[in-house]
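Asks: Sequence and predicted structure are below.
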Amino acid sequence: MRATWMKALLATLGALAALLLLTLTGASAADDAWRVGYLHSLSGYLANMGTASRDGFLLAIDEINKRGGIDGRPLQVFVENDESDPSKGVPAAIQLISADRVHAIVGPARSDITEPLGPIAAKARVVDMTCSFILPTQGDYTFATVPTPEEEARVAVGFLADRGARSIGILHAIDLYDKTSAKAFADEAGRRRIQVLATESYNAAADKNFIPQLTKIKAAKPDWLTVLGSGAPVPLIINQKAEIGFAAPVLGNLAFSVAGIEPLLRIAGPNLQGAYLTTVPVAVWETLPKRDPRLPRIVRYREAFKAKYGRDPHMADWWTAQNYDIAFLLAEGLRRAGRDAGGGGLKAALEGIRNFEGVVGTFSFAPGRHAGATGIVIARVEGDRIILVK
């Protein structure tokens, strides 16, 4: 059914794409502002991620515009809410491309929206700076700003190997990213001769009872349980794991804390203590070495965030800083492309970026390499925060 839907959608967009090729370049030259679409989950089960991401992005946009914009032209943002729903995300993206005539899109977060958006963005020759953890399988106009599932799996499974793990169980959500992550973890486990004794899945948008899956994994007696998923189910999984007496330690992936560390702690409480997760250095900034070269950038970002919003950013919610970085990456691409930003100009400019120092990490792109971030660390929940382990 999905394949049929995609074929119909792409056929409908064919005429649209042809029109866009004629209009986008004209929009670049005639409009006073650089037009940027912001597509994110501002409601639904990823709303915590979406609203926090928006705060980071708009903070950067304000800073860029106060400095005079790009070549004297301000950045104008058009916001669309995909409601954490793939069926809402694609129409919202089409609105941004066809009606708002944006030069680029930032977002979405859901891999299940990024995937069908990939060929649409490519047809329209509009760059998509996705907040998803993976790139689409089709279309070469999408750029990602988090490490790939394969890079994450190397660090995570390497950590388990160092801890003497001989076996794992995998519990993953059914969205595209977490399925991809589960495969990457299993493949890396195989390379390191760690057995995957059980693999179970769940629907992060709907499920609340995970005892059947946890019971099956428990029966296999793995040394570790890897939880690959996000949102409201994570603390429920942790509590239900304790409820059935499943004692194996937990390692979560980058999506593990997407509901926010504070809600996780509030719901899962003591059951969450000692759990491990992969994350990025900014999330554990307080426990980084004092001479870490990233600390000055992180401190400046925190000060700017507090000045705008009157509160400190939740650093464990690293996607806020990710979106802050995305805005500056996009601005650098527009600066380099200049009048050639329409069509493929912005894409080519972004592909030329090397060693761009952001708050989350260092970004480098190239033709054929659009996943530009580096830097995965292992953290542990301790008290009311997460701390650096490795």
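Replies: Received it, and whenever you're ready, just let me know what you need.

Asks: which residues in the stretch 101-250 of the chain form helices?
Replies: 111-124, 149-162, 176-191, 211-220, 233-243 (DSSP state H, counting those that start in this stretch).

Asks: Let me have these in TSV, extended by mean neighbour count.
Replies: In short, each C-beta sits where N, CA and C put it, glycine included. Below are the helices of the stretch 101-250 of the chain laid out as TSV (neighbours: other Cβ atoms under 10 Å):
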stretch	mean neighbour count
helix 111-124	24
helix 149-162	20
helix 176-191	21
helix 211-220	17
helix 233-243	21
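
Asks: Spell out which residues make up each domain of this protein.
Replies: In the domain annotation for the chain, the residue ranges read 2-147+312-363, 149-279 (automatic domain parsing).

Asks: Tell me which residues touch Ala144, please.
Replies: 130, 132-135, 370-373 (Cβ atoms under 8 Å, 6 or more residues apart in numbering).

Asks: And the strands in this structure, which stretches?
Replies: Taking DSSP state E, the strands of the chain run over residues 34-40, 75-81, 104-106, 127-130, 142-144, 167-173, 195-202, 224-228, 250-252, 276-279, 356-357, 362-363, 377-382, 385-388.

Asks: between the domains of the chain, which gets nearest to Val389?
Replies: Set against Val389 and scored by Cβ to Cβ, the domains of the chain come closest in domain 149-279, at 6.8 Å.

Asks: Scan the contacts of Ala144 and report the most crowded one.
Replies: Thr130 (31 neighbours; other Cβ atoms under 10 Å).

Asks: beta partners for that one?
Replies: Applying DSSP bridges to Thr130 gives these bridge partners: Ala144.

Asks: My read is that it contacts Tyr141, right?
Replies: No - checked against Cβ atoms under 8 Å, the pair Thr130 and Tyr141 is beyond contact range at 10.2 Å.

Asks: Okay, now the unreliable bits of the protein?
Replies: Across the chain, the ranges flagged by pLDDT under 70 are 1-31.

Asks: how does it look with 80?
Replies: Flagging of the chain using pLDDT under 80 yields the residue ranges 1-31, 133, 231, 258-260, 372-374.

Asks: For the nearest residue to Trp224 once chain neighbours are set aside, list the residues it contacts.
Replies: Leaving aside its sequence neighbours, Trp224 sits nearest to Ile168 (Cβ to Cβ, 6 or more residues apart in numbering; 4.8 Å). Contact analysis of Ile168 by Cβ under 8 Å, 6+ apart lists 160, 185, 189, 194-197, 222-226.

Asks: between those residues, which has the most around it?
Replies: Greatest neighbour count in those, by other Cβ under 10 Å, goes to Thr226: 31 neighbours.

Asks: gap between that residue and Ile94?
Replies: 36 Å (Cβ to Cβ, to the nearest Å).

Asks: again with Ile326
Replies: 21 Å.

Asks: about what we covered before: between the domains of the chain, which one is closest to Lys390.
Replies: Between Lys390 and the domains of the chain, the shortest gap by Cβ to Cβ is with domain 149-279, which sits at 5.9 Å.

Asks: Check the offset of that closest one from the chain's centre.
Replies: Its chain's average C-alpha position is 18 Å from that of domain 149-279, according to Cα atoms, centre = their mean, to the nearest Å.

Asks: rewinding a little: which of the contacts of Ala144 sits closest to Gly50?
Replies: Checking these one by one against Gly50 (Cβ to Cβ), the nearest turns out to be Ser132, at 12.4 Å.

Asks: so that closest one touches Pro108, yeah?
Replies: Yes - using Cβ under 8 Å, Ser132 is in contact with Pro108, at 6.7 Å.

Asks: List the residues that are in contact with both of these two.
Replies: Common contacts of Ser132 and Pro108 (Cβ under 8 Å, 6+ apart): Thr114.
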